[in-house]
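>>> Provide a 3D model corresponding to the input given below.
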Amino acid sequence: MIGRDWYPIFLREMLLFRRKLLKVGYLFSAMLVPIIYLLTFGLGLGRNVQMQGTDYLSYLIPGLVAMSSMNNSYTWVANALNLNRLYFKTFQVFVQAPIRPSAIMVGEVLAGMVKGLFASGLILIVGFITARDLSITPLFVMTLLLNCFLFASLGVITGMIAKSHEDTATYNNFFILPMAFFGGTFFPVDRIPELLRPVVWVLPLTHSNVLIRQNSLDWEGLVSLVILLLYAIAFFIIGSRLIRDYSE
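Sure, this is the predicted structure:
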């Protein structure tokens, strides 16, 4: 039983997050990269290009939502945990406090999910203004929540294993950035060279992009859902064990 041990961890992150929300620069930074992609690819190609039965802009928005939720859920947790562990030394206080490792994990992951959902919400607001066929289904919401949970859990893993703050940027460049471009965000996976497709289908964001664009769950979507659940469970367990075994 985790109880409510997680709440102080979560509340601390939310208080810090609230302070960032009061800064106009944070709002712009959260939206900057997705908006650049939207302007470059979405409005550039606009409604003149059809993709999977809809205009390209309506196709692109769900991918940007998945990508934005990945980036923000992962990056905020990974950077904050790494800084707290190596530089501010506040993570050591959490470990020494009478709080279960699993509760620390839950608090960090939930905080990362909130930040990912916030950034995704900003993209959705722009999407409803610009896209013609954008709709929010229960499957869309479930996929978004699962995607945030999965990558926030991965952020904990990175924050725990990185030996320096520069290492977190290295992990981002090797894993997160390639997923953003080759995981089906901007174009379907079947347009990727056949030699690379097995690698791309291993990436969790690929399955998030498949699932988030479906109106109802078909066989392909069910496979992607199972894969995402397996990733989420595995990342959560690994992150919890890294916190439990922490000894610095």
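>>> now M105: closest residue in space, sequence neighbours ignored.
S240 (4.5 Å; CB to CB, 6 or more residues apart in numbering). Using the backbone N, CA and C atoms, a C-beta is placed for each residue, glycine as well.
>>> contact partners for the one you found?
S240 makes contact with 101-102, 105, according to CB atoms under 8 Å, 6 or more residues apart in numbering.
>>> got it, and L196?
F182.
>>> just the pLDDT for it.
At L196, the pLDDT value in this model is 89.
>>> for it, give its distance to C148.
Relative to C148, L196 is positioned 27 Å away (CB to CB, to the nearest Å).
>>> same question, R12
19 Å.
>>> so for the two, which sits in the more crowded spot?
C148 (28 against 16; other CB atoms under 10 Å).
>>> give me the nearest residue to the most centrally placed residue in the chain, chain neighbours excluded.
Centroid-nearest residue in the chain, with CA atoms, centre = their mean: M70, separated by 1.8 Å. Sequence neighbours aside, F151 is the residue nearest to M70 in space, at 4.7 Å (criterion: CB to CB, 6+ apart).
>>> spit out the contact partners of that neighbour.
So F151 contacts 69-70, 73-74, 112, 116, 204 (CB under 8 Å, 6+ apart).
>>> what's the farthest-apart pair in these?
G112 and P204 (14.9 Å; CB to CB).
>>> neighbour count: these two, which is higher?
G112 (30 against 22).
>>> excluding its backbone neighbours, what's nearest that one?
Leaving aside its sequence neighbours, G112 sits nearest to A152 (CB to CB, 6+ apart; 3.0 Å).
>>> what helix or strand is the one you found located in?
helix 138-161 (DSSP states H and E).
>>> quick one: buried residues of the helix or strand harbouring G116?
Assigned by DSSP H and E, G116 belongs to helix 101-130. Neighbour counts over helix 101-130 (16 or more other CB atoms under 10 Å) mark 101-120, 122-124, 126-127, 130 as buried.
>>> coming back round to it: any chance of the contacts of S240 in CSV, with distance to I227 too?
Listed next are the contacts of S240 as CSV, based on distance: CB to CB, whole Å:
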residue, distance to I227
P101, 26
S102, 24
M105, 21
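>>> ok, so of those residues, who is nearest D5?
Checking the contacts of S240 one by one against D5 (CB to CB), the nearest turns out to be S102, at 8.3 Å.
>>> Three-state assignment for the residue nearest to that closest one when sequence neighbours are not counted, please.
Excluding its sequence neighbours, the residue lying closest to S102 (CB to CB, 6+ apart) is S240, at 5.0 Å. Here S240 takes the helix state, with states given by DSSP: H, G, I helix; E, B strand; the rest coil.
>>> how much space separates S240 from Y246?
11 Å.
>>> what residues are shared contacts of these two?
Joint contacts of S240 and Y246 (CB under 8 Å, 6+ apart) are P101.
>>> and L177, how many neighbours?
When neighbours are counted by other CB under 10 Å, L177 comes out with 12.
>>> how far does the strand or helix carrying it sit from its chain's centre?
Using DSSP H and E, L177 falls within helix 177-182. Counting by CA atoms, centre = their mean, to the nearest Å, helix 177-182 is centred 12 Å from the centre of its parent chain.
>>> need the CA coordinates for that helix. CSV is fine.
What follows is helix 177-182, C-alpha atoms only, in CSV (Å, rounded to 0.1, in the frame of the first residue of the first chain):
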residue,chain,number,x,y,z
LEU,A,177,14.7,13.3,-30.2
PRO,A,178,14.8,10.4,-32.7
MET,A,179,11.4,9.3,-31.4
ALA,A,180,10.0,12.7,-32.1
PHE,A,181,10.9,12.6,-35.7
PHE,A,182,10.7,8.9,-36.6
